[in-house]
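Q: following is a predicted model, sequence given first.
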Amino acid sequence: MIMIDFITAASKILSFIQALPKFTNSLYEQGQKNQEINNILQQLNLSPTEIPDNVDTVYIYALIDYGVSESYAILEILRNKEIKDSFWTAYTNNNHLDFLNKVEEFLKQEPGLKEEIINNNIELAVELEKFADIFISYAKKTTSAKFKIDGVYPEWDFNVIPSEFRALIEEKTGLFCGRSFVFQEFDKFINNQSKGYFTVIGDAGMGKSSIASKYILAKKVPCYFNIATEGKNKPEQFLNNIRQQLIIRYKLQNQENADLRTLLQKASEKLSEKQKLIILVDALDEVEQEGSSNLLDLPQNLPNRVYFLLTRRPYNSQTQRLTTSPDTTYETLDLKEEKYQKLNEQDVKQYIGLFLQNDQQYKDKLQKWLKDRKIDELTFIEEVAKKSENNFMYLRYVLPWIAEDKYSDLTLQGLPTGLQEYYEQHWQQMNMEEEANETKVKIFYMLVKRGDEISSEMIANILDLDEYDVSSVLENKDWFEYITIRKDKTEDKIYYRIYHKSFLEFLQDKRKLSKGRRLFKEVNDKMAEYMLKEMN
């Protein structure tokens, strides 16, 4: 490996990148961008795969990656040695705001660059966070401890993405792959339309939230996730959250009480000629809102260069609740359409392959499972993909389930078909229909009845159970993946909610059966008694 001088390399990088066609940072162009990145690395005698643990060299890798598709003006700043040194100082001190201040001070000495950034409405914090994310991704590839702070890699958070959604986005993009056709269609939409709504439609578990998370992570757009099981699905919650994001991002003055229409207009006035405002809203179907107006009070008419990327489950004319004016385009991409089935299947197979090779927790166990049964990887991928019915939530449950070898007589042919059949098979395997497990069923029905999170203490009080017994059921390894747990240290309580809406709906269907009706009525009666006592 040839080590190169930073100043020389940084100068060459700019000239190399200026000679390239400008990429749009479309996610579906990633393959072409990777090729250009590798070409520049080769011209600098750097390996695309073997990254040395030298700080300057890792910084050069990040400069190239960032520069291929992002802002030239920001690249001009970042290639400066003074800025590089400031970045590393801030990195080692885990003080990203200090780096932002240093860049702002640097721009005072570079009026031409500062003017370009202002004229193009480039969001400095957004771009610096993008670069930091890229740098950290290359630092991780070196596996060197020098890039860790107190044993972990730092997180540079300029509040571009709301902190309340960061954990969800990280989870949803952990083994993300494929879905290029979705990003490609959306990019066509925003390039061909002056404004509008673009909705990705799909059944539960088809990866809509992962698609949303990947786009947010890549483009750092304003976003909101509706999560019914957490009670985060009201119009006022959405408005407050988006209002705060837009005020910070576009430095809007005196808009603390503005409605969505006004906020979008004010933000659009801050856009340069080439800029677009894209807002991503996930799970529109989970919104809880009375009346018949547009969900989340989304405007019928949008300002120019303003776009919404939405995800939701299938709907009919009564449940759509998104009316637009003639000059605001509305387009949909239904993941279940026949023309996308092969692409969905390819993405599912790619995901299974990635899981087999890269999942740190389960890959070795899965490989052993295959070896013990003399099943080759290709056969496994093909058969599991068929059984999944192109459902990623199915894979999230079934692949660890197989890896843990919970059912020794399991064969590929014996796998459940589709997500709902998986839930049913697991329910039966856990003997939940037996009388001895009625208390467990009641505990789950409490989560259904409550809707949002509920403490183990409250469940125990309502059902006349020991709190330890409640926690033992909900934290059991056989149900752990279905439940989200939050420990409140201030209250010294543990709260539980159902992880995914599809399992909530499975339980709701169970309560409609004769036995389910009886048990659910008992839960209802217990809840009513409890509420009456609390009122008195």
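A: Ah, there it is. Predicted model only: the values in this text are computed from it and were never measured.
Q: okay, Lys12: pLDDT?
A: pLDDT, Lys12: 84.
Q: not counting its neighbours along the chain, what's nearest it?
A: Sequence neighbours aside, Leu44 is the residue nearest to Lys12 in space, at 6.6 Å (criterion: CB to CB, 6 or more residues apart in numbering). Yep, even glycine has a C-beta here, placed from its N, CA and C like the rest.
Q: gap between that neighbour and Pro52?
A: 12 Å (CB to CB, to the nearest Å).
Q: could you do Cys223 as well?
A: Taken as CB to CB, the span from Cys223 to Pro52 is 36 Å.
Q: ok, the two, which is more surrounded?
A: Cys223 (25 against 15; other CB atoms under 10 Å).
Q: what about Glu104, neighbour count?
A: 11.
Q: ok now the helix or strand encompassing Arg518, how far from the chain's centre?
A: In the assignment (DSSP states H and E), Arg518 maps to helix 514-535. Distance, stretch centre to chain centre, for helix 514-535: 36 Å (CA atoms, centre = their mean, to the nearest Å).
Q: repeat that for stretch 71-91.
A: With CA atoms, centre = their mean, you get 28 Å for stretch 71-91.
Q: what's in contact with the helix or strand that contains Ala212?
A: Using DSSP H and E, Ala212 falls within helix 208-219. The contact list for helix 208-219, computed with CB atoms under 8 Å, 6 or more residues apart in numbering, reads 25, 27, 161, 165, 168-169, 172-173, 176, 179, 182-183, 186, 200, 202, 221, 223, 225, 278, 280, 282-283, 309, 311-312, 335, 392.
Q: of the residues you listed, grab the buried ones for PyMOL.
A: Selection of buried members from the contacts of helix 208-219 for PyMOL, criterion 16 or more other CB atoms under 10 Å:
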select buried, resi 27+161+165+168+169+172+173+176+179+182+183+186+200+202+221+223+225+278+280+282+283+309+311+312+335+392
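Q: in strands only, show me the contacts of helix 208-219.
A: 200, 223, 225, 278, 280, 282, 309, 311-312 (DSSP state E).
Q: which pair of the residues you listed spans the longest distance?
A: For the ones in strands among the contacts of helix 208-219, the maximum inter-member distance is 16.9 Å, found between Ile278 and Arg312 (CB to CB).
Q: buried sites along stretch 487-506?
A: 494-504, 506.
Q: what do you get for stretch 511-522?
A: Judged by neighbour count (16+ other CB under 10 Å), stretch 511-522 contains these buried residues: 511, 516, 519-520.
Q: same thing with stretch 272-292?
A: Buried residues in stretch 272-292 (16+ other CB under 10 Å): 276-287, 289.
Q: out of those, flag the one nearest to Tyr330.
A: Checking the buried residues of stretch 272-292 one by one against Tyr330 (CB to CB), the nearest turns out to be Leu284, at 12.6 Å.
Q: ok, now which ones touch the closest one?
A: For Leu284, the contact set (CB under 8 Å, 6+ apart) comprises 199, 226, 295-296, 310-312, 322.
Q: among these, which one has the most neighbours?
A: If you rank the contacts of Leu284 by neighbour count (other CB under 10 Å), Thr311 sits at the top with 28 neighbours.
Q: quick check: bridge partners of that one?
A: Under DSSP bridges, the beta-bridge partners of Thr311 are Val200.
Q: how close does it get to Asp334?
A: 12 Å.
Q: need the overlap of contacts for those two.
A: Shared contacts of Thr311 and Asp334, defined by CB under 8 Å, 6+ apart, are found at 201-202.
Q: quick check, Gly414 in a strand?
A: No. Using DSSP: H, G, I helix; E, B strand; the rest coil, the secondary structure at Gly414 is coil, not a strand.
Q: can you list the domains in the chain?
A: Per automatic domain parsing, the domain ranges recorded for the chain read 6-147, 163-336, 341-413, 430-535.
Q: now Gln357, nearest residue through space, not along the chain?
A: Lys363 (6.3 Å).
Q: for that neighbour, give me its contacts.
A: Lys363 touches 355-357, counting by CB under 8 Å, 6+ apart.
Q: what's near enough to touch the nearest residue to Glu377 once chain neighbours are set aside?
A: Nearest non-adjacent residue to Glu377, counting by CB to CB, 6+ apart: Leu356, 6.1 Å away. Residues near Leu356 by CB under 8 Å, 6+ apart: 363, 366-367, 377, 380-381.
Q: what helix or strand is Leu356 on?
A: Per DSSP H and E: helix 341-358 holds Leu356.
Q: quick one, that helix and helix 208-219 angle?
A: 70 degrees (axes from the mean of the first three to the mean of the last three CA atoms, to 10 degrees).
Q: which stretches of this protein have low pLDDT?
A: Within the chain, the segments meeting pLDDT under 70 span 1-4, 21-31, 121, 159, 407-410, 513-515, 536.
Q: could you redo the last one with a cut-off of 50?
A: Where the chain drops to pLDDT under 50, the residues are 1, 24-25, 28.
Q: my read: Ser325 touches Gln300, true?
A: Yes. The pair Ser325 and Gln300 qualifies as a contact (CB atoms under 8 Å) at a distance of 4.8 Å.
Q: of these two, which one has the most company?
A: The neighbour count for Ser325 versus Gln300, taken as other CB under 10 Å, is higher for Gln300 (15 against 10).
Q: is the more buried one within a helix or a strand, and which one?
A: Going by DSSP H and E, Gln300 is not in any helix or strand.
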